[in-house]
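Participant: Next come a sequence and a model predicted from it.
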4 protein chains.
Amino acid sequence: MSNVILTKNQYGKAENRVVRITRDTDRHEIEDLNVTSQLRGDFVAAHLEGDNGHVVPTDTQKNTIFAFAKDGVGSPEAFLLRLADHFTSSFDWVNGGRWGAEQYGWSRIDDHDHCFYRSAPETRTAVVVRDGDDTTIIAGFYGLTVLKSTESGFKGYPKDKYTTLQETGDRIMATDVSTRWRYNSEAVSTGFDFNAAYESIKASIMSSFTDHYSRALQETLYKMAQAVIAAHPEVEEIKFSCPNKHHFTSDLAFAGLENPNEVFYAADRPYGLIEATFAREDANSAEGAWVGIAGFC
Amino acid sequence: MSNVILTKNQYGKAENRVVRITRDTDRHEIEDLNVTSQLRGDFVAAHLEGDNGHVVPTDTQKNTIFAFAKDGVGSPEAFLLRLADHFTSSFDWVNGGRWGAEQYGWSRIDDHDHCFYRSAPETRTAVVVRDGDDTTIIAGFYGLTVLKSTESGFKGYPKDKYTTLQETGDRIMATDVSTRWRYNSEAVSTGFDFNAAYESIKASIMSSFTDHYSRALQETLYKMAQAVIAAHPEVEEIKFSCPNKHHFTSDLAFAGLENPNEVFYAADRPYGLIEATFAREDANSAEGAWVGIAGFC
Amino acid sequence: MSNVILTKNQYGKAENRVVRITRDTDRHEIEDLNVTSQLRGDFVAAHLEGDNGHVVPTDTQKNTIFAFAKDGVGSPEAFLLRLADHFTSSFDWVNGGRWGAEQYGWSRIDDHDHCFYRSAPETRTAVVVRDGDDTTIIAGFYGLTVLKSTESGFKGYPKDKYTTLQETGDRIMATDVSTRWRYNSEAVSTGFDFNAAYESIKASIMSSFTDHYSRALQETLYKMAQAVIAAHPEVEEIKFSCPNKHHFTSDLAFAGLENPNEVFYAADRPYGLIEATFAREDANSAEGAWVGIAGFC
Amino acid sequence: MSNVILTKNQYGKAENRVVRITRDTDRHEIEDLNVTSQLRGDFVAAHLEGDNGHVVPTDTQKNTIFAFAKDGVGSPEAFLLRLADHFTSSFDWVNGGRWGAEQYGWSRIDDHDHCFYRSAPETRTAVVVRDGDDTTIIAGFYGLTVLKSTESGFKGYPKDKYTTLQETGDRIMATDVSTRWRYNSEAVSTGFDFNAAYESIKASIMSSFTDHYSRALQETLYKMAQAVIAAHPEVEEIKFSCPNKHHFTSDLAFAGLENPNEVFYAADRPYGLIEATFAREDANSAEGAWVGIAGFC
């Protein structure tokens, strides 16, 4: 059975729930993250021979995450970069890895100094992929549900024997925005404000959802991408994976009622699923960094 | 086998996802609900003899919900009351039932006329229980996560051989507020503003989370109940079912670091679970209306 | 604000994930539980005055659960009874409580001595409620999905203006069986084999799903109850809360195809929801023990 | 804003819940799938110009799936291949796509002709990726939880200042097996028995979990891969993404008890996460087909 080879591997500790309170003054700050660390490098012996001499324990990776949080988080991207630097510089055989984080958003209750509620509808994401000297930073979010109650339709599509859908010029369009964007090498260097960029990109996406009649979700995703890339020079490419959350008009004829787009049934499954990647025209390619990220093309 | 009797039953259609758009003007409104209808009455023959002569189909209940939405929703409580009136007056053998709804909160994107995002961290709940001439209305919400990063402790508890917990005067206290309150008969009558009451009660709960040093989650629940009942004469009783979401201080001694309540590990399970019912001193009892509502004592 | 009173409360540690390996011989046994302990009694001072003198810490309850597991589990019911005895006898002010468990079923891989896979489709449940000298034991399970592809229909129901459903004599009937049954006082006494009873009652329910043409899910629930109560003298009453998981026949006329109940679309929501309680004719009532158990009437 | 380009896209209808009953005789068969169809090709105009002339509606894709189920399913792989052939041959501008399915396993209740219960602990998966003339078939499953209560340890790993883990020669090892394997071009041609291969590969994986002392989950994954590839010539490569589901020995010293690996606390998060890809030595590469599949490296 010598003909089976290990072609790729990564391992680590997943979903470390780190909460960092900054309490230098009475007005506390909270950072709430779910951090995953995975190392890549020479781990052949562990798989083929049961030799763990290179296997930095996942427990050690966990401990490192919590110890590094003592020095502050700052932004998920900056925090993951520090982890990447540490692991690849500390162990000769670790030449890369993948570090990921989710961040949950909190607001103050009544502007209180140390009382908060979890307020953000979306979950922020960050991924740092290190491969030798190359570092890729992918940011994003998921779970932001948006809906427009008019100014959307779907017409002009091809028909065949399996087509029963009726064309419409007025419908509800709704989706859960799931998106990831890749920063350029400039952003990787120290000093970029990932938190400000995040807020600005999210605002661009939300605003561009509102500013046009949508002839299909595909068109709207393009307009979102345009808005983000035009306003954010550090963004090389952006991906969307967005369900078309169908809202069907209830047929109330049985009760003698008309229903001019007032009463809808919100369906769970099946749903449309629209995925697209948009890039700055001269962007470099970084295909490898996206491997293992679910649900994007 | 004649000795098996049907003692209680209810049936209907669950989780009807109704979205109502009010579009009388260009500035649309959205109401987004998940409605369940269940009937009670004489359904013995269906169970014992397979005679469906009394079984108003669950499909008909669904149709009724969507048809009634054509006339508007207003508030989940008012909408459920209309359903209760309809079913108990339309079928002789239906003498009661249970109608429930969840409502999801949306906000406008950039104050737009017809573009919205789902913003509310909590899910609003409403239940109407009808039993002959009696009607009980229970409102509430779940999923509101709150946290105070100081001004809470836990001391003075009894110790036995199984006790290893250390007393503390400063910790994180966090919970997901899940609460239900019962309105008095005055609120049941036409005209009460359930939406305004909901917002006011939610604000009372959040504010009273902030205004004291908490010696245990039990004390904080009492203060929340006090605030709600004092300010809202229509509320007869209020129940809480609140996890103590543990945030453990990371022991960073291995790295030579102190950790004065700055870095925490947020644990999933097990968790403390504190449940309590508080009532206005002279409140009537309505135990029966709470049957089947999970997770409250 | 002296007019707010504490009417009921319980508190403890929820979802302690206890795995017990019995390894007295090379052939190991595994018991895998999720245990919740909640105490009732005199805890007024904790709520009203922040005095924790009576508050046996939830952490201590957790420790006790794991320490008691050292002496073996046996059955979830027996294990919870030991916890109930311990807490009510150890602390004067604890006069009752609620102890619950889920149990997950494992099978051996290739009849191996110490390698297992999680095999049970259903989750077993157990609840012990202690109130002074009274003890109630409620067992059950959830998550057992059953389906019959013929021999079920729905006819003879009342019609009104909201009715659009067509009668049918052949359809798919499917449900996720969620059930809880209460044992009589004899079973509470030492020595009853709760594990054998569980397997036998589950088998009764599954078999009685198959043995008749079902005119509605209501009729099938009654037949299940009959089978359980007839064959198990220790069972006083049994409750079911069962969705009607709709499988709609696809209309394939658009493709020129007939569909004689061969191709179905399995819908998520809404779903029928049928709940019923059946009791032995001379059963005593134990309503209070069911408070807080979700989804049963 | 002309500098934003569409680099990749796919779209379709996700999670079509198809249940197929074969009822040619009284002994029915059930096939229960969750099917997703996504098309790739020339859809630039839809994104950039709102021109839907190429956009085969997701609703049409849904209809096609249900219509094709009328001719039977057979295996998820064979069913998806038929969909791929249909869409790429019916529309000039569709030159590829991605079709996926989950399948849920049912067993007969008491060997009954038409009564079933959902029995499989794992969810079977299948993906067909078509790119011009190339077709890739990836099969797999997730959700199979396995545990060994002894014969596993973790020793010999590197230590640094962040290491607190103790070496152990006896522990519980448990994981949820999530795996995907790629078939070679021979299997893609008509006639391969994907169902038999699935059962055989699953059995190989389970057996190879039991047959060795495991020095780390990495070693066990390699042994699983060896077993699969050695016995199944149609398998080119296999990937695993497996959590190390930690079972920590409870320290019961507080109660004066020893705990020789009998009582464990099953932790939720964080968890180890071990991912590896193993290939037949001379396997071709098919990296592109894996894009968008979550959680594998």
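Facilitator: Ah, there it is.
Participant: can you give me the offset of the helix or strand of chain A with the lowest mean pLDDT from its chain's centre?
Facilitator: Lowest mean confidence among the helices and strands of chain A (mean pLDDT, DSSP states H and E): helix A:185-188, at a mean of 87. In terms of C-alpha atoms, centre = their mean, to the nearest Å, the centre of helix A:185-188 is set 18 Å apart from its chain centre.
Participant: Could you do stretch A:128-144 as well?
Facilitator: How far stretch A:128-144 lies from its chain's middle: 9 Å, per C-alpha atoms, centre = their mean.
Participant: Ok, stretch A:98-110 next?
Facilitator: Worked out by C-alpha atoms, centre = their mean, stretch A:98-110 lies 13 Å from the chain centre.
Participant: again with stretch A:89-101
Facilitator: 21 Å.
Participant: quick one: buried residues of that stretch?
Facilitator: If you call a residue buried by 16 or more other C-beta atoms under 10 Å in any protein chain shown, then stretch A:89-101 has these buried ones: A:91, A:93, A:94, A:95, A:96, A:97, A:98, A:99, A:100, A:101. All C-beta spots, glycine's among them, are computed from the backbone N, C-alpha and C.
Participant: Of the residues you listed, just say which sits nearest to chain B.
Facilitator: The closest of the buried residues of stretch A:89-101 to chain B turns out to be residue A:101 (C-beta to the nearest C-beta; 13.7 Å).
Participant: Of all the helix elements in chain A, which one is longest?
Facilitator: The helix that spans the most residues within chain A, counting by DSSP state H, is helix A:194-210.
Participant: State the mean pLDDT of the helix or strand just after it.
Facilitator: Sequence order places helix A:217-231 as the next helix or strand after helix A:194-210, per DSSP states H and E. Taken as a whole, helix A:217-231 has an average pLDDT of 98.
Participant: ok, the helix or strand that helix A:217-231 is followed by near chain C or not?
Facilitator: Reading on from helix A:217-231 to the C-terminus, the next helix or strand found by DSSP H and E is strand A:235-244. No: using C-beta under 8 Å from any C-beta of the partner chain, strand A:235-244 stays clear of chain C, coming no nearer than 13.9 Å.
Participant: ok, and for the next helix or strand after strand A:235-244, which residues are buried?
Facilitator: On the C-terminal side of strand A:235-244, the closest following helix or strand by DSSP H and E is strand A:247-249. Neighbour-count burial for strand A:247-249 flags A:247, A:249 (criterion: 16+ other C-beta under 10 Å).
Participant: In its sheet, which strands sit next to the helix or strand following strand A:247-249, and in what direction?
Facilitator: Using DSSP H and E, the next helix or strand after strand A:247-249 towards the C-terminus is strand A:263-266. Paired strands of strand A:263-266, with direction, are strand A:247-249 (antiparallel), strand B:4-22 (antiparallel) (DSSP bridges).
Participant: what's the closest non-adjacent residue to residue A:271?
Facilitator: residue A:243 (4.5 Å; C-beta to C-beta, 6 or more residues apart in numbering or on different chains).
Participant: Which strand residues bridge the one you found?
Facilitator: Counting by DSSP bridges, residue A:243 is bridged to residue A:273.
Participant: Now do residue A:66 against chain D, distance only.
Facilitator: 9 Å (C-beta to the nearest C-beta, to the nearest Å).
Participant: so that residue sits right up against residue A:18, yeah?
Facilitator: Yes: counting by C-beta atoms under 8 Å, residue A:66 does reach residue A:18; the two are 6.4 Å apart.
Participant: can you list residues touching both of those two?
Facilitator: B:263, B:265 (C-beta atoms under 8 Å, 6 or more residues apart in numbering or on different chains).
Participant: ok, back up a step: I'd guessed the residue nearest to residue A:271 sits against residue A:272; true?
Facilitator: Yes: look at residue A:243 against residue A:272 with C-beta under 8 Å: they come within range, at 6.4 Å.
Participant: Now do the shared contacts for the two.
Facilitator: residue D:14.
Participant: what's the closest residue to chain C within the stretch 151-297 of chain A in contact with, if anything?
Facilitator: Per C-beta to the nearest C-beta, residue A:268 is where the stretch 151-297 of chain A lies closest to chain C, at 4.3 Å. By C-beta under 8 Å, 6+ apart, residue A:268 lies in contact with B:17, C:268, C:269.
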